[in-house]
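**Q** need a 3D model of the following:
(chains A, B, C and D)
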2 protein chains.
Amino acid sequence: MFAEKIRQLREDKQLLQRQISAALEMDNALYCKIEHGDRIARREQVIKLAELLDTDQEELLKLWLADKVYDIVGEEDGANDVLNIVAESIVEYRRMK
Amino acid sequence: MFAEKIRQLREDKQLLQRQISAALEMDNALYCKIEHGDRIARREQVIKLAELLDTDQEELLKLWLADKVYDIVGEEDGANDVLNIVAESIVEYRRMK
DNA sequence: TTTTGACTTGACAATACTCGACAAATATAC
DNA sequence: GTATATTTGTCGAGTATTGTCAAGTCAAAA
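**A** You can find the predicted model right below:
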C-alpha cells in the first residue's frame, strides 16, 4: 500500500534511499523499514515525502491512513462491517456539525 | 458507538457500573471512563463484557474496532476514500490467501 | 440537612509502545 | 576482490496508554 507506493515513486525518480532519508533527516535504516512497511512514518514525514517524490500529498496521506486502518481491521473477520459502521458514523457525525 | 452501546446494555440489564467493573477486575473509575469513551477497553475486556451484558461478542467487537478506526480517520477529509482503499485491499489480500 | 451510594473527574504512577540510532548482515554493481 | 545500497536486529529514550487513588458532583433515602 503506502510502502509499495513510495518505493515505486522513488524508483521512478531514480533516487536512492539515502537521498530520501537525508532529505527527511532520518536514519537510512529507518527509511528502509518504512519502505518495507515494517515501520510507520509520521505525518510530517509523509508530507515531506510527497514533496520529494513529486506526488499528490492528499493521495499519499490517504494511503498512509489506509495502512493504519488496515493494521486494525485487516486480520479481523467482519472487517467490512466495521468499515461500514465507521463510514456510517462519519456521515452522521458530520451532519451534526 | 461502543461507549453508548455498553451503557445502554448495562442499563437495560439494570446493572451498576461497579458490578461490571468488579467482574472485569478493574477499577470502577476506569470502567466509567470506558463507558464515556475517554478510554479504550482492551480486547479481552470487550469479550468479557459481551458475556456479562449478554450480547453478541462479534457485534460488540465490531463496534469496538469501529471506534478505533474512527479515531484514525474520523477527522480527516477524504476519510471515505481511505475506507474504500482499505476495503479494496482487504478483498485483494484475501484472494491471495 | 446529613448521609449514603452511584457515578465522574483529574492528577499521578506504572506499563506498554514506538521511534530513531547504531552495528552488523546481506545484496548489488563495479 | 572493493564499494555502495539496502536490509535486519537490538537497544535506550521518549511518548503514549492504561490503571490507581483521592476528591468531586449529584440524587435519593434517612
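
**Q** which residues touch the most centrally placed residue in chain A?
**A** What sits nearest the mean C-alpha location of chain A, by C-alpha atoms, centre = their mean, is residue A:64, with 1.6 Å. By C-beta atoms under 8 Å, 6 or more residues apart in numbering or on different chains, the contact list for residue A:64 reads A:2, A:40, A:41, A:43, A:46. C-betas here are computed from N, CA, C, even on glycine.

**Q** what does the helix-or-strand element of chain A with minimal mean pLDDT contact?
**A** The weakest-scoring helix or strand in chain A, judged by mean pLDDT, DSSP states H and E, is helix A:79-96 (a mean of 91). Identification of contacts with helix A:79-96 by C-beta under 8 Å, 6+ apart yields A:69, A:73, A:76, B:1, B:62-63, B:65-66, B:69-70, B:73-74, B:79-80, B:83, B:86-87, B:90.

**Q** count of neighbours near residue A:19?
**A** Here the number of neighbours of residue A:19 (other C-beta atoms under 10 Å in any protein chain shown) works out to 15.

**Q** which SSE is residue A:20 in?
**A** Residue A:20 belongs to helix A:17-23 when assigned by DSSP states H and E.

**Q** list the buried residues of that helix.
**A** A:20, A:21 (16 or more other C-beta atoms under 10 Å in any protein chain shown).

**Q** same thing with stretch A:49-63?
**A** Applying 16+ other C-beta under 10 Å to stretch A:49-63 flags A:49, A:50, A:52, A:53, A:55, A:60, A:61, A:62, A:63 as buried.

**Q** how close does the residue nearest to the centre of chain A sit to residue B:82?
**A** From residue A:64 across to residue B:82, the span is 9 Å (C-beta to C-beta, to the nearest Å).

**Q** using PDB, write out every CA atom in the helix holding residue A:20.
**A** In PDB, the C-alpha atoms belonging to helix A:17-23 read as follows (Å, rounded to 0.1, in the frame of the first residue of the first chain):
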ATOM      1  CA  GLN A  17      17.100   5.600  -0.300                       C
ATOM      2  CA  ARG A  18      19.800   7.500   1.300                       C
ATOM      3  CA  GLN A  19      19.000  10.600  -0.700                       C
ATOM      4  CA  ILE A  20      15.400  10.500   0.500                       C
ATOM      5  CA  SER A  21      16.400   9.700   4.100                       C
ATOM      6  CA  ALA A  22      18.900  12.500   4.000                       C
ATOM      7  CA  ALA A  23      16.300  15.000   2.800                       C
END
